[in-house]
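A.B. asks: Sequence and predicted structure below; questions after.
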Amino acid sequence: MKKQILITIGILILLNSCKQNESKKTEVKTTVESIKVTPENPVVSDSFLVNDSLVFVLASKLEKVALNKKFVVLKKPIKNRHVENLIDTIVTRTFENTKLESYKVPNEEWIYKAIIENSDFELNDFIKVGTKKYVVEKSLAIRIHTDILKIGNIEQTNVFILKFESGNLKIIEFDGYLD
């Protein structure tokens with residue numbers, strides 16, 4: 001009889017401990033699902049900040065920068081990948097150490113790559129070459145732990161890469177998705 005009671009108690013303890021582990025797993029799962037990415041709650045993972053609205057604003061400003069008259073413009077025709085008899089244009093804009101590349105079709109143009117190393121071109125009041133790292137941190141309300149910060153949309157199709165050197169923003173790069 002004692003043997004049966006001990007076995008029963010052992011089984012109950014085992015079942016009880018299994019139920020506790022399952023409830024812990026469920027709690028972790030709900031916590032992960034409840035995190036929402038919003039402008040007020042940006043996600044920073046090592047050196048990647050997910051912020052769709054900021055990326056949209058920076059990309060819009062980059063399009064305005066491309067209109068600057070300081071750039072030397074080079075146009076190269078390219079065959080359209082989707083329509084066989086259509087010719088599009090790769091437009092390269094350069095000024096000193098700054099280079100923007102865009103893809104132009106008859107009615108639209110998209111910047112898909114940029115390297116900005118000149119303080120003449122700013123993306124906003126706080127993201128421009130020469131800005132102090134702590135100013136960028138304060139403006140984005142984050143702490144930057146490395147000398148590289150990537151700011152991208154949630155799909156990571158548009159990414160701005162900020163490279164710091166000696167506590168100052170040295171280079172701004174942009175990589176955009178282009179089909």
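C.D. replies: Received, thanks. Residues are numbered from 1 along each chain as shown.
A.B. asks: Ile161 and Phe126: what is the separation?
C.D. replies: According to CB to CB, to the nearest Å, Ile161 and Phe126 sit 16 Å apart. (Glycine included, C-beta is placed from N, CA and C.)
A.B. asks: Between the two, which is the more surrounded one?
C.D. replies: Ile161 (18 against 15; other CB atoms under 10 Å).
A.B. asks: What residues of the helix or strand encompassing the more buried one count as buried?
C.D. replies: Assigned by DSSP states H and E, Ile161 belongs to strand 158-165. Using 16 or more other CB atoms under 10 Å as the test for burial, strand 158-165 gives Asn158, Val159, Phe160, Ile161, Leu162, Lys163, Phe164.
A.B. asks: For Arg93, state which of those is nearest.
C.D. replies: Phe160 (17.3 Å; CB to CB).
A.B. asks: Leu169 is in contact with that closest one, correct?
C.D. replies: No - using CB atoms under 8 Å, Phe160 is not in contact with Leu169, being 11.2 Å away.
A.B. asks: Tell me which stretches of this protein form helices.
C.D. replies: Applying DSSP state H to the chain gives helices spanning 2-34, 52-65, 133-140.
A.B. asks: ok, of those helices, where does mean pLDDT dip lowest?
C.D. replies: Of all the helices of the chain, mean pLDDT reaches its minimum on helix 2-34 (a mean of 51).
A.B. asks: would you list the buried residues of strand 158-165 in JSON lines and tack on distance to Tyr112 and pLDDT?
C.D. replies: Below are the buried residues of strand 158-165 laid out as JSON lines (distance: CB to CB, whole Å; pLDDT from 0 to 100):
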{"residue": "Asn158", "distance to Tyr112": "9", "pLDDT": "95"}
{"residue": "Val159", "distance to Tyr112": "11", "pLDDT": "96"}
{"residue": "Phe160", "distance to Tyr112": "13", "pLDDT": "96"}
{"residue": "Ile161", "distance to Tyr112": "14", "pLDDT": "96"}
{"residue": "Leu162", "distance to Tyr112": "18", "pLDDT": "96"}
{"residue": "Lys163", "distance to Tyr112": "19", "pLDDT": "96"}
{"residue": "Phe164", "distance to Tyr112": "24", "pLDDT": "96"}
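A.B. asks: Specify which member of those residues is nearest to Asn51.
C.D. replies: For the buried residues of strand 158-165, the nearest to Asn51 is Phe160 (9.9 Å; CB to CB).
A.B. asks: what pairs with that closest one across the strands?
C.D. replies: Taking DSSP bridges as the rule, Phe160 bridges to Ile151, Phe174.
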